[in-house]
Every structure is written in C-alpha cells, then in structure tokens.
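S.K.: No sequence on hand, only this structure:
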C-alpha cells in the first residue's frame, strides 16, 4: 500500500486501486494507454449516449481515476464530432408560474419525435408521453402516428395503467386534435391544453426529453438503423 496526503493506493492482482477518504469509494487507476478506450466506451459507445461533460465525469469517477481525468473528459467531449454537429442551442424561455401536480400522471404531456431512419421493425416515429410531476417518460416506437393509435395508447397504456389523467398538454398536431382523441378526452373529463406551432417548446417536458433523446440515441441513428 502507498499512502499519499489524501488517498490510499493499493495493488490488487496486478491492478492499482485508489481509495479516497473523502468519497469512501475505491477507484481503478487507468494507465495512460487505456484512457482513450475508457472514454470511448463511456461516451461514444451506442449505449453511452454521448453523455455531457459533467455527467460523464461523475460516471467515470464512480469506477475510475487518473490524474487530470476531469480535464481529459472536458477535452474529449469538446472535440467529439457528433456532439459538435448535434449540439442544440437551449431555447430562451420567459419564467412562468405553473401549478404543480399533486400525484403522478395527473398531468401529462404528449409529443412525437420523427420521422427518423426506418428501424429494422419498420418504425419511424417515437410517441413520448411524460408525467409532469415525476418527469417519467413512456415511449412508443411506431411506424406511423395516426389519431386512433394516439387514442389507443393514451387509454390502454396511460389511463388503464396509471389512473385517470386530469390534464393533457400537446402541440396542435392533427393526430392530437382529431375527433377520436377529443371524444376520449371528453369522456374521461380531461382538460386539453395546446401549444402553438410557433412555440412547441411551451410543451416543455417532452420537448426536453426529445432533445436529450436526439442528442443521445439520435447520434447513433445517423449511422445505424435499429429500434
């Protein structure tokens, strides 16, 4: 064992581990020639989702350590070409006071992502329904998003599973304003609020999810086609 001012290093089975007294966790020391591999696997790999700098740093520090890790992560993400190409400028919003729901799925937001490259199962769209209280998203991969499918998913996958909703927020897409959806919402006594086509960001929760989804999975769909 080697004791430094703040950390304890220990050699186990030929691997060097660092024990930090501050975080009380053990981290594997990564030698210089393996650091790029670690960064690729935790940022560029399809399941990694091109995580942003702060989140990637926190993730790595739960398992690994090397001198200058934070600086290396910052440089790696900054130089990542897919991240540069798809980095979206955060829209500016005026602060608003919005009533907070008191139970899960009391208020939900609905939105559609797509069309995307056709998957191996023929899907091109993702319907996103998000709980306004918990921010839990339910996602449904679909080949098309007609009104009857929207109504069916709202009833079978949301209302029947989570209970009655009181408020639905959507844009003014025809599949959300269709007669069958209006009849379902009227039957269930659901208030329907719509955002304008010019300001879809007002439907903030699924819009943020869609942006995160596009920045992660969407980067892989530029190169691969899968569900």
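M.R.: Sure thing, it's come through. These numbers were taken from a predicted model, which means no experiment stands behind them.
S.K.: residues touching residue 170, list them.
M.R.: 109-111, 176, 192-195, 203 (CB atoms under 8 Å, 6 or more residues apart in numbering). For glycine as for every other residue, the C-beta is placed from the backbone atoms N, C-alpha and C.
S.K.: where does this protein have low pLDDT?
M.R.: Where the chain drops to pLDDT under 70, the residues are 1-7, 21-24, 87-98, 196-227.
S.K.: buried stuff in stretch 108-123?
M.R.: 108-114, 116, 123 (16 or more other CB atoms under 10 Å).
S.K.: Among the residues you listed, which one lies nearest to residue 60?
M.R.: Closest to residue 60 out of the buried residues of stretch 108-123 is residue 113 (28.9 Å), distances taken as CB to CB.
S.K.: Report the beta-bridge partners for the closest one.
M.R.: residue 126 (DSSP bridges).
S.K.: about what we covered before: turn the contacts of residue 170 into TSV, including secondary structure and distance to residue 71.
M.R.: TSV is the format used below for these (DSSP: H, G, I helix; E, B strand; the rest coil; distance: CB to CB, whole Å):
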residue	secondary structure	distance to residue 71
109	strand	38
110	strand	42
111	strand	37
176	helix	46
192	strand	50
193	strand	46
194	strand	46
195	coil	41
203	coil	38
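S.K.: closest to residue 56 among these?
M.R.: residue 111 (26.7 Å).
S.K.: how far away is that closest one from residue 181?
M.R.: Counting by CB to CB, to the nearest Å, the gap from residue 111 to residue 181 is 14 Å.
S.K.: what does residue 153 give?
M.R.: 11 Å.
S.K.: More neighbours: which of those two?
M.R.: Shown here are residue 153 and residue 181; by other CB atoms under 10 Å, residue 181 has more neighbours (22 against 18).
S.K.: Contact partners for that one?
M.R.: Residue 181 sits in contact with 147, 150-151, 154, 175, where contact means CB under 8 Å, 6+ apart.
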